[in-house]
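Peer 1: When you get a sec, could you give me coordinates for this:
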Amino acid sequence: MSKRLLIVLIVGLIAFAAGVVGMVDRVGYGLLHVGYGTPVPWALWVVFYIYFIGLSAGAFLISSLIYVFGFKQFEGIGRVAVFTALISLIAALLFIWVDLGRMERFVEVFYRPAFHSPLTWIVWLYTAYFFLLLVEGWFLMRRDFARGATQGGFKGSLYQILALGTRDSGLEAVARDMKVVQVLGSIGVPLAIAFHGGTGAVFAVTIARAYWYSGLFPILFLVSALASGGALLTAIAAFIVPNGLRAHKDLVIGLGRLLLILIFVEVLMEVAEFLVSLYGTAPAHFVPIHEQLFGPNWWIFWIDGLGMAVGVPALILITVGRRSALAAGLAALLSALGFIGIRWNIVLPGFAMEELPNIETAIIEPHLNYIAPYVPSSMEWLVTAFAIGVGLILFVVGFSLLPLEAEAA
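Peer 2: Numbering: from 1, shown residues only. As a prediction, the model looks like this:
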């Protein structure tokens with residue numbers, strides 16, 4: 001295990017250990033100790049849910065550029081992209097699971113589905129997407145499982161199990177595998193667009209919240225997914241893949257150029273959304289935008305969103321990032337973290353405008369502060385640390401044991 005992977009593992013273990021306290025609270029006391037409720041029903045966990053589901057969709061769609069559309073220059077990150085999509089999906093589902101009032105009832109969407117609800121369709125699409133990632137990942141690594149099954153030790157035994165009885169590692173077998181991968185990737189592209197666009201549609205069809213009620217929202221979700229997923233993959237290629245800055249310099253710089261294009265499209269769509277809302281001055285549209293720019297959490301927009309997610313990374317990628325893999329990797333890492341702020345500003349400003357005057361105080365919840373803006377409670381942060389810790393640990397374990405660095409052909 002490399003030093004960088006070890007650092008990621010240590011961070012994951014610390015986050016997991018701290019988060020166990022929050023999960024005990026969540027399971028034992030339900031939503032009693034959260035900082036949200038009637039005035040703000042969607043909060044921190046929903047922010048991280050759409051963040052990680054965006055990372056998953058973005059990483060998978062970039063893998064499809066390789067295996068479906070033939071962008072061979074990115075092939076070095078192909079398996080990692082599929083694996084990252086899987087881990088990000090698991091983290092996202094953990095976040096939305098803990099956000100449920102009755103967590104044990106999540107299974108009801110499978111045996112008592114309400115197909116008139118977009119949420120039902122999204123969960124079923126997530127399930128199909130999860131199994132598609134597993135199968136596509138298996139076909140990508142099947143040859144290496146077959147070869148590694150003859151080795152001794154723990155990894156040899158693991159590969160023998162994962163090979164599922166296959167032993168053929170010849171060129172014809174690999175060619176067949178890649179044809180299956182291409183078919184699965186072709187199925188996965190509309191599937192990823194459907195489930196992440198569908199996540200945006202859950203917001204977009206909420207007619208009572210004019211800030212979200214827009215046909216642009218599902219498209220904005222997809223663009224943000226591609227940009228954040230591309231940023232994460234670029235950072236992984238630079239800092240996690242062994243010797244990535246030297247051996248994969250062209251790959252990192254190429255991913256940085258792709259990220260720059262996606263950042264430009266993201267900014268273009270955000271500017272369009274903001275200008276229309278600000279020009280119209282209709283309170284239901286104007287107030288949430290004004291809240292982002294000048295409200296108590298102004299720094300999330302100006303520093304996290306505009307600065308970290310798009311501004312500084314774009315400046316780096318336009319200048320030194322065109323020649324330096326290290327600069328491109330740092331810009332991508334900054335952008336990937338900054339997109340958390342962009343996701344926050346998708347969710348929380350939607351509640352800045354009351355649906356009816358004084359509706360916030362119609363139902364009093366003693367644990368909530370109705371005067372100050374929403375601030376996540378310590379329990380919310382601990383549960384967030386738990387879910388992120390689980391994701392980091394799974395990523396490190398998988399990266400250490402699975403043949404993610406090998407070429408697919």
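Peer 1: all contacts plus neighbour counts: C-alpha atoms, from now on.
Peer 2: OK.
Peer 1: what ranges of the stretch 201-350 of the chain fall below the confidence cut-off?
Peer 2: 244 (pLDDT under 70).
Peer 1: Could you pull out the helices in it for me?
Peer 2: Ranges of helices in the stretch 201-350 of the chain, per DSSP state H, counting those that start in this stretch, are 216-239, 244-247, 249-280, 283-294, 298-299, 312-318, 325-347.
Peer 1: Give me the buried positions along the helix or strand that the last one is followed by.
Peer 2: Going back to what we said before, that points to helix 325-347. Using DSSP states H and E, the helix or strand that follows helix 325-347 towards the C-terminus is helix 378-401. Buried residues in helix 378-401, counted by 16 or more other Cα atoms under 10 Å: 379-396, 398-399.
Peer 1: counting contacts, what elements does helix 378-401 pack onto?
Peer 2: Helices and strands touching helix 378-401, by 3 or more Cα pairs under 8 Å, 6 or more residues apart in numbering; DSSP states H and E, are helix 3-29, helix 44-67, helix 78-99.
Peer 1: out of those helices, deepest packed?
Peer 2: helix 44-67 (a mean of 26; mean count of other Cα atoms under 10 Å).
Peer 1: counting contacts, what elements does that one pack onto?
Peer 2: Other helices and strands packing on helix 44-67, by 3+ Cα pairs under 8 Å, 6+ apart, are helix 78-99, helix 171-204, helix 216-239, helix 325-347, helix 378-401.
Peer 1: Dump the C-alpha coordinates for that helix into CSV.
Peer 2: Provided in CSV are the C-alpha atoms of helix 44-67 (Å, rounded to 0.1, in the frame of the first residue of the first chain):
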residue,chain,number,x,y,z
LEU,A,44,-26.8,18.4,5.1
TRP,A,45,-27.4,14.7,4.3
VAL,A,46,-29.3,15.5,1.2
VAL,A,47,-26.5,17.9,0.1
PHE,A,48,-23.9,15.0,0.4
TYR,A,49,-26.3,12.6,-1.2
ILE,A,50,-26.6,14.6,-4.4
TYR,A,51,-22.9,15.4,-4.2
PHE,A,52,-21.9,11.7,-4.1
ILE,A,53,-24.5,10.6,-6.6
GLY,A,54,-23.1,13.3,-8.9
LEU,A,55,-19.6,11.9,-8.4
SER,A,56,-20.9,8.4,-9.3
ALA,A,57,-22.8,9.5,-12.4
GLY,A,58,-19.9,11.7,-13.6
ALA,A,59,-17.2,9.0,-13.0
PHE,A,60,-19.3,6.5,-14.9
LEU,A,61,-20.1,8.8,-17.8
ILE,A,62,-16.4,9.5,-18.2
SER,A,63,-15.7,5.8,-18.2
SER,A,64,-18.2,5.5,-21.0
LEU,A,65,-16.1,8.0,-23.0
ILE,A,66,-13.4,5.2,-23.0
TYR,A,67,-15.4,2.0,-23.4
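Peer 1: one step back: and Met308, which of the helices and strands packed on helix 378-401 is closest to it?
Peer 2: helix 44-67 (15.1 Å; Cα to Cα).
Peer 1: For the closest one, give the mean pLDDT please.
Peer 2: For helix 44-67, mean pLDDT is 94.
Peer 1: OK, contacts around Phe74?
Peer 2: For Phe74, the contacting residues are 66, 251, 254-255, by Cα atoms under 8 Å, 6 or more residues apart in numbering.
Peer 1: Mind putting those residues into JSON lines with distance to Asp304?
Peer 2: As requested, those are exported to JSON lines (distance: Cα to Cα, whole Å):
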{"residue": "Ile66", "distance to Asp304": "31"}
{"residue": "Leu251", "distance to Asp304": "26"}
{"residue": "Gly254", "distance to Asp304": "24"}
{"residue": "Leu255", "distance to Asp304": "22"}
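Peer 1: Now rank those by neighbours and give me the top one.
Peer 2: Ranked by the number of neighbours (other Cα atoms under 10 Å), the contacts of Phe74 place Leu255 first, at 26 neighbours.
Peer 1: ok, and the closest non-adjacent residue to that residue?
Peer 2: Of all residues not flanking Leu255 in the chain, Thr234 sits nearest, at 5.7 Å (Cα to Cα, 6 or more residues apart in numbering).
Peer 1: who touches that neighbour in this structure?
Peer 2: 252, 255-256, 328-329, 332-333.
Peer 1: Of the contacts of Phe74, which is the nearest to Val320?
Peer 2: Among those, and counting by Cα to Cα, the member closest to Val320 is Gly254, at 13.2 Å.
Peer 1: Just list the residues touching the closest one, thanks.
Peer 2: Gly254 sits next to 73-74 when contact means Cα under 8 Å, 6+ apart.
Peer 1: how close does it get to Val98?
Peer 2: 38 Å (Cα to Cα, to the nearest Å).
Peer 1: Over to Thr199?
Peer 2: Distance from Thr199 to Val98, by Cα to Cα: 17 Å.
Peer 1: and if you look at Ala272?
Peer 2: Counting by Cα to Cα - Ala272 and Val98 are separated by 34 Å.
Peer 1: Check Val8 too.
Peer 2: On the measure of Cα to Cα, Val8 and Val98 end up 24 Å apart.
Peer 1: Please apply the same query to Gly198.
Peer 2: 20 Å.
Peer 1: Could you do Phe48 as well?
Peer 2: 11 Å.
Peer 1: got it, and Ala91?
Peer 2: Taking Cα to Cα, one finds Ala91 at 11 Å from Val98.
Peer 1: repeat for Leu13
Peer 2: Applying Cα to Cα, the value for Leu13 to Val98 is 20 Å.
Peer 1: Over to Gly54?
Peer 2: 18 Å.
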